[in-house]
Structure formats: structure tokens, C-alpha cells
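Visitor: Fold the following, please.
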Amino acid sequence: MTLRRSPALLLTALSIALSAPAVARETTPALAASAVRTPEDLYGPLYRAVELARVFPDSKTFADMVPRTAPDAILQAYRTEAPQGRDALAAFVARHFRKVGDADARKLSMREHIRALWPVLAKPPMAVVPGSSALQLPQTYVVAGGRYQEMYYWDSYFTMLGLKADGEHPLIESMLANFSALIAQYGHVPNGTRSYYLSRSQPPFLAMMMDLSDRHDPALDRERLATLKAEHAFWMAGAKCLAASGACEHVVRMPDGSLLNRYWDARDTPRDESYAEDIATAAAAAGRAAPQVNRDLRAAAESGWDFSSRWLADGNTLATIHTTDIVPVDLNSLMWNLEKAIARRCTAVGDTACARAFETRAAARGVAIGKYLWSAGDKRFVDWDRRAGKPTNSVSAAILYPLFVGLATHEQADATAALVTAKLLAPGGLRTTTLTTGQQWDQPNGWAPLTWIGVQGLDRYGKTAEAEDLARRWLRTVSRYYDANGRMVEKYNLETGQAGGGGEYPVQDGFGWTNGVTRALLEKYPALDHS
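Guide: The predicted structure follows:
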């Protein structure tokens, strides 16, 4: 992501470059050319190690970087530290080199940098070219950045937290209008605004997004209530087709007859955006039909946790994915919140029958969550495996969702806080899971949205010290990386403080939800802002 530079900043960068030690001029052009030392000449074993370890996907990146100190001093530090492996080399390079232009970016505090990125990440509505995968949006929207140049569903809530903190109210309203338009046209909010995302949604945060709005008038309130009812109907449509299998679309009938939700996708083909990868995964899934593997991969993409040990039958191998068998605690917490939000909005417009109906739904869901998604023996919230008829073994940051929405009891919150401290608290923030699988939604990675869920959930139940400690760890990770690299990224390695890894693509810059959550945490905890 490149910021627009002012002439003054560009001149500053140029002056820095010109002030670097110059190579002595020779008497002829031929001699001058031969006397100039290339990066490999200058840095020898360090240069070869960085390039051969593929620290950067593009070899030209390191070749063009600028040393922070004299080359001899950098080489001496390299010999002394002897960093081994890609992560260690990346950390060494971040300390001793900078990319061209990074010096300018670092003149902005992290808070200023985030604010400067909003107009860069905001995109005006554009006419869709026939044959393109893009979906038309009526108003301005904010993208995540990097490879993500469309609007995504659950990302947008966390991005909007930062917009709210920075007073970007018109952008919040335009994004809400876009989400309402998508539900009016398609019956749900798609995963993202591409045609290949229409067969699924993402975690239902729209009610919470609406709570960020400053606009309130009777007509708009009724329109937004209708939008939320339509979203609820989408998620519960499977209740009409439940058969002996006990599951249809997004709905699962639990053993006592109560209804909960799962992630699901209407298609069972390879994802357009990960076509070759899905074909390879299905081919590796011995004894399983490709359409079912594809559906489970797609359902995990709907969860936003694509991919994680949460969805893997053996806890490790992607080919064992069985997302549609899992009744997840995060989704059902959000559905409870959606039902409570609809009931509250029905009360506000004077529709008491509607309010009673959705309060009844929320109450029934709360009982079912307490029965199936809380393990009294283990004293933790769980995901439920409907095929096995028992909770999964996964311990993940999803256990904080019931606290986040206010569904947990105080005893459950106490146990959850203790488990987070014991198993999920890393030096750099909140671990995603307790397993290392190479998937991006497992440890050692940490993510902005889960950090916000954790901080707000703990704080809601009076765990103020734990909440602030989690925020402090996250902000320290993000700010140190920003100070070293001038960038905000999609995910972080919470053990090393470097950019996160794993997944189907390189780590992305930008980054919408990292910017949003970081900015919101700086607003919540101003004493932690050391920029």
C-alpha cells in the first residue's frame, strides 16, 4: 500500500539518499562501473542467505533496500548474531535495512498513519464491467488492502471501529447503506463483493455495525430492522428443510430438538478464488467425495477462519476438514446477539409482538448454547461435533465470543479468563488456537478481530486488568512492527513480533481490520499510545 507523498517528503527522502557515502569516482566510465559494489558484493553471506531463504517473494526487494547503518557494521552484526531460518533473517533485515520511502512513513505516528490510510482504502462506487466478478455497490466502501480490493463482510465491522474513532462518520453510513443494498438484492450479505462469494455469507456482525451509526430517524430505523430480519431469515432458512439427517443449510437440530447454526455454503465446487488449491485438497482426502470436501472448505471460508485446526478432524491435516459437522460457539453467540438486537429494535418501533418473538428465540438459543457449547467438566466454551455427538478438543479464541456478546454467566467468564491466561496468552497478544499446524488461523498467529473480541469480552465481565494487558501486548506488537517496517499487516506472529505466516497467500499490507482495531484500542486505552 503506497501513500501519496508530498513534494516536501519526497525531497526529504532524496536528501537522505544523497547524504549516503558515495563511491569514489574513477577517471573513466568503464573503471567507475567496475568499481561500484553491488548488494551481493557489499553484504556477501548475508545477501545470499536472505535471497535464498526467500525472505521477500520478489528478489529485487532486498536488492533495493537501504541500510540503516554502515555495511561493515551490519555484516559484523550478522556474523555475531548468525540468524538462521527465514523468520530470523526477516527480523534481522527489518532491524538493519529499510525500504525506499519507509523513512518518510515513519515520520507519521502509527495513529497518524492509520488516519492517512482511510482515504487510500476507501473506494468510490464504480460501474461493473460486464464479465467481471465484481458486484455493484451504490456507495463508497472501504477495502482491506493488498489483494483484497473488494468489500468484505466481517472485516468491515472491525475496520469501522477505527473509522468511528477517527470521526469518519460518512464512510460508516455509506458502508451500512451498501450492506443493506446487498441484503435487499441477494437476501444476505455475501462473504465479499464478488460473484464467487455469493453462495455464502460471513459471521453476522451487521447488527453491531448498525450500533456504530450516529443516524437515527423513524424511517431509517424501520429499514434497518427489516434488513436485520432478512439476515436472520437467511441464516435460519434451513429450519424448513430439516430431515432425518438433522441438518439443512445453516441450521442444525441438536439432540434435544433445539436449533443452532453452523457454517455452510450453497455450492460444493472448488472455490473460484482458490481453485487449484481446493482440487488438490479434495484429491488428498482419501475416501471422501470431492463435493463434500469442497463444501467444507467453503464453509470454513464463511467462518472467516480459513483455515484452522478447529475444522480439521485430525486437528492437523486440511484434507480432514469437516466444517459442516461443527456447531461453532462464535457463530451461535453472534446469532444470539442478532436475535437480541432485533428484539430491542422491535421494542424501539413499538412492535411488541416482534420483540417477544425474538426474545423467545434468543432465550431458547441461550439455553441450547449453555447445554451444548459449554463443557461443565472442562469449564470452557466449546464447538460441538454433531457427528461425534460431543464437543471437539479445540481450545481457541472463539471461547471469548459469549463474553463479547454478554451471553456468558459470571462463573463462565471467570473460567474463560483463567483458560485464556493459561493457554491463549502469548507475548504478543491473543493466540488463535493452541495448535501449530501451518494454517493461518492457528498459533503462532494473532489477529486484530479476535483481539477486539477478547479485550471487549474480558472488559465486559469486569476483567479490566486482563483486558488492558491483552490490549497492551497487541499494541506493542503492532507498533514495534510499524516502527521497523512502516507498515500495518493482516496478521502477526505473536511469538516473534514479525508478520504472520501460513495460509494460501503471502501476508497482506494495509490492513483494514488491523488499522481499525488498533485505532479503537488506542482510543479505549490512551495511556498505551506511546507513538
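Visitor: Quickly note the distance from residue 289 to residue 81.
Guide: Between residue 289 and residue 81 the distance is 51 Å, computed by C-beta to C-beta, to the nearest Å. Bear in mind the C-beta positions are built from the backbone N, C-alpha and C, glycine included.
Visitor: buried residues in stretch 449-469?
Guide: Within stretch 449-469, the residues that qualify as buried are 449-459, 461, 463, 466-469, counting by 16 or more other C-beta atoms under 10 Å.
Visitor: Tell me who's in contact with residue 195.
Guide: Counting by C-beta atoms under 8 Å, 6 or more residues apart in numbering, residue 195 makes contact with 133-135.
Visitor: which of these count as buried?
Guide: 133, 135.
Visitor: Could I get the full set of helices for the stretch 251-400 of the chain?
Guide: When secondary structure is read from DSSP state H, counting those that start in this stretch, the stretch 251-400 of the chain shows helices at 275-284, 290-303, 329-348, 352-372.
Visitor: Now that we have those helices, can you turn them into JSON lines and tack on distance to residue 378 and mean pLDDT?
Guide: What follows is these, written out as JSON lines (distance: least, C-beta to C-beta, whole Å; pLDDT from 0 to 100):
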{"stretch": "helix 275-284", "distance to residue 378": "31", "mean pLDDT": "97"}
{"stretch": "helix 290-303", "distance to residue 378": "22", "mean pLDDT": "98"}
{"stretch": "helix 329-348", "distance to residue 378": "13", "mean pLDDT": "98"}
{"stretch": "helix 352-372", "distance to residue 378": "13", "mean pLDDT": "98"}
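Visitor: which one of those lies closest to residue 208?
Guide: Proximity to residue 208 (C-beta to C-beta) singles out helix 329-348 among these, at 7.3 Å.
Visitor: Which elements pack onto that closest one?
Guide: Judged by 3 or more C-beta pairs under 8 Å, 6 or more residues apart in numbering; DSSP states H and E, the packing partners of helix 329-348 are helix 206-210, helix 218-236, strand 259-261, helix 352-372, helix 401-405.
Visitor: okay, the ones you listed, which one's buried deepest?
Guide: Mean neighbour count (mean count of other C-beta atoms under 10 Å) peaks for helix 401-405 among the helices and strands packed on helix 329-348, with a mean of 26.
Visitor: what about it, average pLDDT?
Guide: For helix 401-405, mean pLDDT rounds to 99.
Visitor: Starting from that helix, tell me the next helix or strand along the chain.
Guide: Per DSSP states H and E, the first helix or strand lying C-terminal to helix 401-405 is helix 410-419.
Visitor: Just the helices from the stretch 1-150 of the chain, written as ranges.
Guide: Assigned by DSSP H, counting those that start in this stretch, the helices in the stretch 1-150 of the chain fall at 7-18, 29-35, 39-52, 59-63, 71-81, 86-96, 102-105, 110-121.
Visitor: and residue 424, how many neighbours?
Guide: Residue 424 has 25 neighbouring residues, counting by other C-beta atoms under 10 Å.
Visitor: swap that for residue 215, sorry
Guide: The criterion is other C-beta under 10 Å. On that basis, residue 215 has 12 neighbouring residues.
Visitor: Equivalent analysis for residue 490, please.
Guide: Based on other C-beta under 10 Å, the number of other residues close to residue 490 is 27.
Visitor: go on, residue 154?
Guide: 23.
Visitor: Now do the contacts for it.
Guide: Shown here is residue 154, whose contacts under the criterion C-beta under 8 Å, 6+ apart are 202-203, 205, 304, 449.
Visitor: so what's the backbone phi/psi at it?
Guide: Summarising the backbone geometry of residue 154 under the convention degrees, to the nearest 10, its torsions are phi -70, psi -30.
Visitor: now this protein, which segments are flagged as low pLDDT?
Guide: Applying pLDDT under 70 to the chain flags residues 1-35, 100-107, 531.
Visitor: where does residue 501 land in three-state SS?
Guide: Three-state call for residue 501 (DSSP: H, G, I helix; E, B strand; the rest coil): coil.
Visitor: For it, give me its contacts.
Guide: Contacts of residue 501 by C-beta under 8 Å, 6+ apart are 87, 440, 445, 493, 507.
Visitor: Of those - the most surrounded one?
Guide: When neighbours are taken as other C-beta under 10 Å, the top entry among the contacts of residue 501 is residue 445 (29 neighbours).
Visitor: for the closest residue to it other than its chain neighbours, what are its contacts?
Guide: Across the structure, with C-beta to C-beta, 6 or more residues apart in numbering as the measure, the residue nearest residue 445 apart from its sequence neighbours is residue 500 (4.1 Å). When the contact criterion is C-beta under 8 Å, 6+ apart, the partners of residue 500 are 440, 444-447, 489-493, 507.
Visitor: Among the contacts of residue 195, which are located in strands?
Guide: With DSSP state E as the criterion, strands contain none of the contacts of residue 195.
Visitor: Kindly reformat the contacts of residue 195 as a markdown table containing distance to residue 52.
Guide: Conversion of the contacts of residue 195 to a markdown table gives the following (distance: C-beta to C-beta, whole Å):
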| residue | distance to residue 52 |
| --- | --- |
| 133 | 37 |
| 134 | 39 |
| 135 | 42 |
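Visitor: Could you give the number of residues near residue 194?
Guide: 18.
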